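1. Task: produce atomic coordinates for the following.
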Amino acid sequence: MRIRLMSDERVLEGTAKQMVEAMQYIAFGQETRTLGEYIDWLTDQVERLEQTALHVEGESDEEKAASLGEAMLGAGLAEKVWLLPTRHATS
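-> Numbers count the residues shown, from 1 in each chain. This is a model prediction of the structure:
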């Protein structure tokens with residue numbers, strides 16, 4: 001999957017978990033949190049700063065990451081990016 005974050009136009013690609021790990025990597029001061037803790041922190045921050053409720057559920061990091069991605073898409077905080085097929089020149 002490939003998504004664009006609406007806040008900074010950054011494009012992330014991979015599994016839901018890989019994309020959330022990339023978001024955590026670029027988030028200032030979040031390197032000491034587990035992925036699950038980061039997801040909880042991010043959800044709280046979005047709700048507090050953007051006044052947008054994100055309903056995230058799941059037990060494992062993979063489930064929570066997938067739920068976060070769907071919640072962000074549903075709230076308009078991210079959008080799916082589709083790849084267009086490339087055209088090859090013919091002789």
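
2. drop to CA atoms for contacts and neighbour counts, all remaining ones
-> Will do.

3. correct me, but residue 57 touches residue 69?
-> No. With contact defined as C-alpha atoms under 8 Å, residue 57 does not reach residue 69; the gap is 11.1 Å.

4. And the two? Which one has more around it.
-> residue 69 (23 against 15; other C-alpha atoms under 10 Å).

5. just checking, the more buried one touches residue 14?
-> No. Counting by C-alpha under 8 Å, residue 69 stays clear of residue 14, with 11.6 Å between them.

6. tell me which residues in whichever helix or strand residue 18 is part of are buried?
-> Assigned by DSSP states H and E, residue 18 belongs to helix 16-26. By neighbour count on 16 or more other C-alpha atoms under 10 Å, the buried set for helix 16-26 is 16-17, 19-21, 23-24.

7. Now do the helix or strand just after that helix: distance to the chain's middle.
-> Of the helices and strands lying after helix 16-26 in sequence (DSSP H and E), the nearest is helix 35-50. Put simply, helix 35-50 sits 11 Å off its chain's centre (C-alpha atoms, centre = their mean, to the nearest Å).
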